[in-house]
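Engineer: Here's a sequence, model it:
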Amino acid sequence: GQRHQEGRQAQIGDKDAVHGADQGTGSDAGDDADDQRVALEGKRGGEFYTPSSIVRLIVEIIEPFHGRILDPACGSAGMFVHSADFVKRHQRAPDKEISLFGMEKTKETIRLAKMNLAVHGLSGTIADTNSYYDDAPEAFKGVPLVGGFDFVMANPPFNVSGIDKAKLKTVTASGAEIVKPRFPFGLPSVDNGNYIWISQFHSALNEKGRAGFVMANSAADARGSEAEIRRKLIESGAVDVIVSVGPNFFLTVTLPCTLWFFDRAKPRTSRADQVLFVDARHVFNQVDRAHRDFRDDQIEFLANIVRLWRGKESELVFGSEALLRDRLGGLDAYCDVPGLCRAASRKEIEAQGWSLNPGRYVGVAEGEEDTQSLRFPASRHGAVGHGGQRNAEEPVDLGRVLPCCRAAAHAHQRKHGPQRAEAQARF
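Structural biologist: Predicted coordinates:
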């Protein structure tokens, strides 16, 4: 039933974290382990309603003040509604500042999207099309999918299989078969759509464009051909910010996720060689026993970390001042904070096998014992309401487990039999 499924997804989230911790430790499980992990992680993500607090955090970080916004997996158009709210909050008129372009292949969902826009007094173009294969949606009236947008926002379905890669290629006048321009870093050899989505998000941006999207945790450490695409993305300088989000934010599944942000203008800044990693797994508001979200001040706090790193001023509309003073030491300047945020250089990222897993870089909060990193008190991370109480059923965060703890985990596997050990060993 539903409870069993959610419990299974919680286990999946934990295993994905273990897999991330094991990267670079000499494991040679290879792509087979990746495939098995992905099978368990599931095709979630964009198949479900995106929580508003996740959308708002994406909006606050990419700051879509003006220009064309694309959502190639637009669902019911929630990304557009929150973008308009952001523009209004900054005393501007959405209908004059932003143009909305969505792509969706399910007719019923398109109707919902158009209704959602209408209810909020917005107009936009929703193309009835398949985002993988359509290079020039007729509804977009000539707006190009390569380099045509100032912002891209999306919550795509995770780990999609069965994409026809022949349709992602074209034949030149000389008869040579090449990958279409929408996928400038090549196509993954594995049967998984994550990096197909990631590539088209990047290519849709103009030279100053920003993207923010939800992605499966597994993509940050995926190996083989996916790692090669990730390396090229990082070397382009466009990878801007990576944020880890804990479990229980989605209404129907409990798995954690990662938020990726691109900034095509970043290579021309002083931050060209850096990526900002934020571990927000301990920042949350416990709505009820099984669900979490971000409070307004927490969204503003996380976005202000990024603003300060970019050399911009903090926004203090929603009361994030206390969190900034407590966790970042002030309101005026960015600094690395163990257990929360760290700006890593490209050399450091290369040394980690081009991983974009924040847990590899952010580390553990100062003063915490290594073994306590399994269960951080939420209150130490400015993290919650409800008196700072930890959810009793919160999945243990294994993303930072030390080698000695992994050895103990393997011993636990052996004790509980081969079937359980096999499931754990996949990660």
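Engineer: could you pull out the helices for the stretch 201-350 of the chain?
Structural biologist: 225-236, 296-309, 321-323, 346-351 (DSSP state H, counting those that start in this stretch).
Engineer: ok, residues contacting the third one?
Structural biologist: Residues external to helix 321-323 that are found in contact with it (CB atoms under 8 Å, 6 or more residues apart in numbering): 297, 298, 301, 331, 382. All C-beta spots, glycine's among them, are computed from the backbone N, C-alpha and C.
Engineer: cool, and the last one?
Structural biologist: Judged by CB under 8 Å, 6+ apart, the contacts made with helix 346-351 from elsewhere in the structure are 231, 234, 235, 273, 274, 275, 355, 356, 361.
Engineer: Kindly recompute the last result at 6 Å.
Structural biologist: With contact meaning CB atoms under 6 Å, 6 or more residues apart in numbering, helix 346-351 is reached by 234, 273.
Engineer: Would you mind writing the CA trace of that helix as PDB?
Structural biologist: C-alpha atoms of helix 346-351 as PDB (Å, rounded to 0.1, in the frame of the first residue of the first chain):
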ATOM      1  CA  ARG A 346      37.300  23.100 -10.100                       C
ATOM      2  CA  LYS A 347      40.500  21.400  -9.100                       C
ATOM      3  CA  GLU A 348      38.800  20.100  -5.900                       C
ATOM      4  CA  ILE A 349      35.900  18.900  -7.900                       C
ATOM      5  CA  GLU A 350      38.100  17.100 -10.400                       C
ATOM      6  CA  ALA A 351      39.900  15.400  -7.500                       C
END
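Engineer: after it, next one along is what?
Structural biologist: Later in the chain than helix 346-351, the nearest helix or strand by DSSP states H and E is helix 359-362.
Engineer: That next one packs against which elements?
Structural biologist: Under the contact definition 3 or more CB pairs under 6 Å, 6 or more residues apart in numbering; DSSP states H and E, helix 359-362 sits against strand 274-279, strand 341-345.
Engineer: and these, which is most packed in?
Structural biologist: Mean neighbours per residue, mean count of other CB atoms under 10 Å, is largest over the helices and strands packed on helix 359-362 for strand 274-279, with a mean of 25.
Engineer: got the angle between it and helix 225-236?
Structural biologist: Angle of strand 274-279 versus helix 225-236, following axes from the mean of the first three to the mean of the last three CA atoms, to 10 degrees, is 120 degrees.
Engineer: could you pull out the helices for the stretch 51-200 of the chain?
Structural biologist: Under DSSP H, counting those that start in this stretch, the stretch 51-200 of the chain gives helices at 52-62, 78-89, 94-97, 107-119, 194-203.
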